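[1] A predicted structure for the sequence below; I have some questions about it.
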Amino acid sequence: MKNKLIIIAPCYNEEAIIEYSIQKLNSVIEELISKNLVSAESKICFVDDGSMDKTVDIIKKNCETNEKISLIELTKNYGQQNAILAGLNSVDADMVITIDADLQDDLLIINEMIKKYYEGYEIVYGVRKKRETDSFLKKTTAFLFYKFMNLIGIKIRQNHSEFRLMSRFTINHLKQYKEKTIFLRGIVQDLGLKSIDLYYNGTERIAGETKYSVFKLFGLAWTAITSFSVFPLRVITFVGILTSFSSLIILIYAMISYFKHYSVPGWTSIIITIAFFAGIIIMSLGIIGEYLGKILIEVKDRPLYQIKDTINI
Ligand code: UDP
Ligand code: MG
């Protein structure tokens, strides 16, 4: 008896490409079943993340004629991370593969992923070999992000996004993480389960546009940093110590000037000192506020998503 696979694909305003994705993923599942690599109940689950275009209608139409296509419809746009989580929490499968609905990832390695699963790996990461299809801005910001994360001691896989296979055991483990500000990639890696990387070439989007603006990407990076490390808070302490020392020097200088009766004009140095410390204090308050805000979000314990409808689940 082979194991049940569910492919989870979050989608947000993907009407330009969703029909193509459905057909492609459907043929992948059918091939896997016919090769007897996965059980006949295996499915594809699209999680509609509050699309405002025809995405849901197109998925629903396919659900009617094909029970291998299933849908989880969220009430509004909760973001890709939460959409994936809605999928993971709702399906019952021995293994799950998460993949973006725009199919920029290589479907051919899915076969290999499943083989690795049967070899006993709990997580199989799809890792992009090159990012030449990405824009210069995306490439450099991604590179700087990985470097910075490594520097502050958060190990995340370079060039791996959300394309990965996870076993049932992994998903059950993941469900125990109750935090609200989610950075899935970081948490999955943090589980420390037996895993392996599979490399592939990413492709350009065939249709539609990226749903990740620079702001959204920056937001995700910030979530990743602040939910995995207290490094920014440490920086404050460090800067605090440094400025205390430098103000000590200023103090000594001021004392000497006082006793030697130098008639120092004084204004410039005062303004500079005030501006310098005001900057540091405001920055420090901001960073502390960030973490405080995070605690507020956790304490409020709001739902991460709300399901409006499900079909064929
Ligand atoms: N996505 C989502 N909710 C969002 C933004 C994106 O479900 O708020 C989905 C989107 O439909 C796609 C995947 O997440 O399937 C990755 O988004 P996108 O391709 O726009 O990101 P990129 O590949 O450009 O980083
Ligand atoms: Mg994409």
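    Structure's in. What do you need? Residues are numbered from 1 along each chain as shown. Ligands and ions are numbered 1, 2, ... in the order given.
[2] From now on I want contacts and neighbour counts done on CA atoms only, so please keep to that.
    Will do.
[3] Please give me every residue in contact with residue 221.
    residue 145 (CA atoms under 8 Å, 6 or more residues apart in numbering).
[4] Report the buried residues of whichever strand or helix holds it.
    Using DSSP states H and E, residue 221 falls within helix 214-228. Within helix 214-228, the residues scored as buried using 16 or more other CA atoms under 10 Å are 220, 221, 223, 224, 225, 226, 227, 228.
[5] what about residue 71, which SS state?
    What DSSP: H, G, I helix; E, B strand; the rest coil gives for residue 71 is strand.
[6] For it, list the residues it contacts.
    By CA under 8 Å, 6+ apart, the contact list for residue 71 reads 45, 46, 47, 48, 59, 60, 63, 309, 310, 311, 312, 313.
[7] what about residue 218, distance to residue 130?
    Per CA to CA, to the nearest Å, residue 218 is found 21 Å from residue 130.
[8] where does residue 227 land on pLDDT?
    Note on residue 227: pLDDT of 87.
[9] ah, wrong one, I meant residue 190
    Residue 190 is given a pLDDT of 91.
[10] same check, this time on residue 129
    89.
[11] these two touch, right, it and residue 198?
    No - Residue 129 is beyond contact range of residue 198, at 9.3 Å (criterion: CA atoms under 8 Å).
[12] Contact residues of the protein facing ligand 1?
    Listed as neighbours of ligand 1 in the chain under the rule CA under 6 Å from any ligand atom: 10-12, 14, 49, 77, 79-80, 83, 100-102, 210-212.
[13] so which of the residues you listed comes closest to residue 295?
    Nearest to residue 295 among the residues of the chain next to ligand 1: residue 79, at 19.9 Å, using CA to CA.
[14] Give me the spatial nearest neighbour of the closest one, chain neighbours excluded.
    Closest residue in space to residue 79, ignoring its immediate chain neighbours: residue 49 at 6.8 Å, by CA to CA, 6 or more residues apart in numbering.
[15] pLDDT value on that neighbour, please?
    97.
[16] So it versus residue 267, what's the distance?
    The value you get for residue 49 to residue 267, if CA to CA is used, is 57 Å.
[17] Those two - which one has more neighbours?
    For residue 49 versus residue 267, neighbours defined as other CA atoms under 10 Å are more numerous around residue 49 (27 against 8).
[18] residues contacting the more buried one?
    Neighbours of residue 49 in contact, by CA under 8 Å, 6+ apart: 10, 11, 12, 73, 74, 75, 76, 77, 78, 79, 80, 83.
[19] Which strands or helices does the host helix or strand of residue 294 pack on?
    Applying DSSP H and E as the criterion places residue 294 in helix 267-300. Here helix 267-300 touches helix 231-259, going by 3 or more CA pairs under 8 Å, 6 or more residues apart in numbering; DSSP states H and E.
[20] Pull out the buried positions in the helix it packs on.
    So helix 231-259, judged by 16+ other CA under 10 Å, has buried residues 232, 233, 236, 240.
[21] Likewise for stretch 118-129?
    For stretch 118-129, by 16+ other CA under 10 Å, it's 121, 122, 123, 124, 125, 126, 127, 128.
[22] ok so, going back, take the contacts of residue 71 and keep only those in helices.
    59, 60, 63 (DSSP state H).
[23] got CSV for the contacts of residue 71, with neighbour count too?
    Formatted as CSV, the contacts of residue 71 follow (neighbours: other CA atoms under 10 Å):
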residue, neighbour count
45, 28
46, 28
47, 28
48, 33
59, 22
60, 18
63, 16
309, 11
310, 16
311, 16
312, 16
313, 15
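[24] wait, which of those is closest to residue 114?
    residue 45 (17.3 Å).
[25] Pull the contacting residues for that closest one.
    6, 7, 8, 9, 69, 70, 71, 72, 87, 313.
[26] Buried ones among the residues you listed?
    Buried members of the contacts of residue 45, counted by 16+ other CA under 10 Å: 6, 7, 8, 9, 69, 70, 71, 72, 87.
[27] Who are the contact partners of the last one?
    What it means is residue 87. 8, 45, 46, 47, 72.
[28] With distance to residue 255 and pLDDT added, can I get the contacts of residue 45 in JSON lines?
    Converted to JSON lines, those look like this (distance: CA to CA, whole Å; pLDDT from 0 to 100):
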{"residue": "6", "distance to residue 255": "73", "pLDDT": "98"}
{"residue": "7", "distance to residue 255": "71", "pLDDT": "98"}
{"residue": "8", "distance to residue 255": "68", "pLDDT": "98"}
{"residue": "9", "distance to residue 255": "68", "pLDDT": "98"}
{"residue": "69", "distance to residue 255": "78", "pLDDT": "98"}
{"residue": "70", "distance to residue 255": "76", "pLDDT": "98"}
{"residue": "71", "distance to residue 255": "73", "pLDDT": "98"}
{"residue": "72", "distance to residue 255": "71", "pLDDT": "98"}
{"residue": "87", "distance to residue 255": "66", "pLDDT": "98"}
{"residue": "313", "distance to residue 255": "76", "pLDDT": "89"}
